[in-house]
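In: any chance you can model this:
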Amino acid sequence: MTRPGPPPYPPQPLPSAQPPSPPQSSYQGPARPRGRWATPLLLVTAALAGAAAGCSAIALASRARAYCDAGWEAGGRFEMTFLLVLVVPGCAFLALLIAFLSRELPLLLRPVPFLLVLALVVLVFFATKGTLDGYPGNPERCGADNVPPWWPGWLPA
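Out: Next comes the predicted model:
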């Protein structure tokens, strides 16, 4: 007895109602970071806001010293000029660092952390360098704490 051999041609699948779809590629292209335009814009904005906050801190402290006539002699002016060179890039770098670390927050909340930190830096700088407590200033314009009268009482000094 002989066995039947394979059919002379391979069996064809039955025709289906839908035509076959083209093969799908698994390649998705280069990975795009979330908010690819928002992050560089945020970093540039943070650096500019940091530089502006540094300039504001120096200007505020210098204005308070000049108004109260406390620490505004040649040495005080030199100190503020020297601090300008350090504070402005320092605030810009600090704002960049905070903005980079907060890039996973929702888009509208990303500026909040670095703006809060910059506001705190300006207040602390004014309190430490702008109001020289115990420095012999003009007692008619400012008190013994050298806080100018135009500074809001609800803000620390």
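In: low-confidence ranges, this structure, go.
Out: Applying pLDDT under 70 to the predicted model, the residue ranges of the chain that meet it are 1-2, 4-38, 157.
In: in it, which residue is most central in space?
Out: Most central in the chain under Cα atoms, centre = their mean is A99, positioned 3.1 Å from the mean C-alpha point.
In: contacting residues around it?
Out: Contact analysis of A99 by Cβ atoms under 8 Å, 6 or more residues apart in numbering lists 42-43, 45-46, 110-111, 113-114. For glycine as for every other residue, the C-beta is placed from the backbone atoms N, C-alpha and C.
In: helices or strands up against the helix ranked longest in the chain?
Out: In the chain, with assignment by DSSP state H, the single longest helix is helix 38-68. Other elements packing on helix 38-68 under the criterion 3 or more Cβ pairs under 8 Å, 6 or more residues apart in numbering; DSSP states H and E are helix 74-101, helix 111-125.
In: which parts of that helix are buried?
Out: Neighbour counts using 16 or more other Cβ atoms under 10 Å place 39, 42-43, 45-47, 49-54, 56-58, 60-65, 67-68 of helix 38-68 among the buried residues.
In: got it, and stretch 77-94?
Out: Applying a neighbour-count criterion of 16+ other Cβ under 10 Å, one finds 80, 83-84, 87-88, 91-92, 94 buried in stretch 77-94.
In: other residues contacting it?
Out: 46-48, 50-51, 53-55, 57-58, 61-62, 65, 71, 114, 117-118, 121, 125, 129.
In: pretty sure A95 contacts A49?
Out: Yes: assessed by Cβ atoms under 8 Å, A95 is found in contact with A49 at 5.7 Å.
In: overlap in contacts of those two?
Out: Common contacts of A95 and A49, defined by Cβ under 8 Å, 6+ apart, comprise 114, 118.
In: check the gap between V44 and L108 for me.
Out: 17 Å (Cβ to Cβ, to the nearest Å).
In: count the residues that sit near the spatially closest residue to S102 that is not a sequence neighbour.
Out: Closest residue to S102 apart from its sequence neighbours, by Cβ to Cβ, 6 or more residues apart in numbering: P113 at 4.6 Å. Neighbour count for P113, taken as other Cβ atoms under 10 Å: 16.
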